[in-house]
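Asks: predicted structure and sequence below. I'll ask about it afterward.
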Amino acid sequence: MATWKRAAKLFTDFQVEQSDPDRFYGTMASDSVAQMQCLANLEGAHVLDVGGGPGYWADAFEAAGARYTPLDADAGELALHGRVPLPGTVMGDGQALPFRTGSFDLVYSSNVGEHVRHPWTMGDEMVRVCRPGGLVFYSYTLWYGPWGGHETAPWHYVNGRYAAQRYRREKGHEPKNLYGTSLFPVSMAQGIRWARSQPNADVVDIIPRYLPSSLFWTSSLPVVREILTWNVALILRRR
């Protein structure tokens, strides 16, 4: 699964997020489900997607036989690129999930943690609503990675506010991901500390999400991992 060919395709498709969203999001969704199928049987599983967005992940998870519930805080995201919000979509805050404890077999979140003010509160909530024995998959973009500033990269390395100001001057409008409002600096070290301190879940794995398996060793190198791994996946099993 974690091959060089896969990594090359992902990084190539990252470049067309704005110009060809169907290609970008379709690739990401298919890859996400394939990754989940290596961890759990999705047939009949009830999946919560925290930050489900405009429905690409719904198509992929449902094709794999899962029962899919998306949650998003932004109605605009749900209708992005002309998509129609799915029946059963829940509007809500990932930092205070409106579900009962132990409601889902798999609780999934892709590239949302860097967009909330309290990512570890959201992580705690994801663990809470997962059933005992179920999986939590929490993936987010690292601030010090090449894509940490999203569309304002690589100027986020200077300063997040400077990067946003520079983008505004060049483009004539605010970036979609605005530092301090909808984009926050989050590190792999913080995620590892959170995962290992969970009282109600055990760590299954912590991996660079997009890199080939031959480079997984980078996640064990403090500082270096923040720059090289782009995105981390924290995988936990609910006790």
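Replies: Alright, I've got the coordinates.
Asks: CA atoms for contacts and neighbours, from now on please.
Replies: Will do.
Asks: any idea of the mean pLDDT for the longest helix seen in the chain?
Replies: For the chain, the longest helix by residue count, based on DSSP state H, is helix 21-37. What helix 21-37 shows for mean pLDDT is 88.
Asks: tell me which other helices or strands that helix touches.
Replies: The elements that helix 21-37 packs onto, with contact taken as 3 or more C-alpha pairs under 8 Å, 6 or more residues apart in numbering; DSSP states H and E, are helix 4-14, helix 56-63.
Asks: ok, now which ones touch the residue lying closest to residue 196 once chain neighbours are set aside?
Replies: Once flanking residues are discounted, residue 196 sits nearest to residue 203: 6.6 Å by C-alpha to C-alpha, 6 or more residues apart in numbering. If you count contacts by C-alpha atoms under 8 Å, 6 or more residues apart in numbering, residue 203 has them with 195-196, 234-237.
Asks: restricted to strands, list these.
Replies: Mapping the contacts of residue 203 onto strands (DSSP state E) picks out 234-237.
Asks: adding distance to residue 88 and neighbour count, write those out as a markdown table.
Replies: Below are the ones in strands among the contacts of residue 203 laid out as a markdown table (distance: C-alpha to C-alpha, whole Å; neighbours: other C-alpha atoms under 10 Å):
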| residue | distance to residue 88 | neighbour count |
| --- | --- | --- |
| 234 | 27 | 23 |
| 235 | 26 | 20 |
| 236 | 26 | 24 |
| 237 | 26 | 20 |
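Asks: list just the nearest of the residues you listed to residue 134.
Replies: Among those, residue 237 lies closest to residue 134 (C-alpha to C-alpha), at 5.7 Å.
Asks: how about the contacts made by the closest one?
Replies: Residue 237 neighbours (C-alpha under 8 Å, 6+ apart): 132-136, 201-204.
Asks: that older thread, may I ask which two of the contacts of residue 203 are separated the most?
Replies: 196 and 237 (11.7 Å).
Asks: beta partners for the residue nearest to residue 196?
Replies: As for beta bridges, residue 203 partners with residue 236 under DSSP bridges.
Asks: please tell me how far it sits from residue 235.
Replies: Note on residue 203: its distance to residue 235, by C-alpha to C-alpha, to the nearest Å, is 6 Å.
Asks: check which helix or strand covers residue 232.
Replies: In this assignment (DSSP states H and E), residue 232 forms part of strand 231-238.
Asks: pLDDT weak spots in this structure?
Replies: 75-86 (pLDDT under 70).
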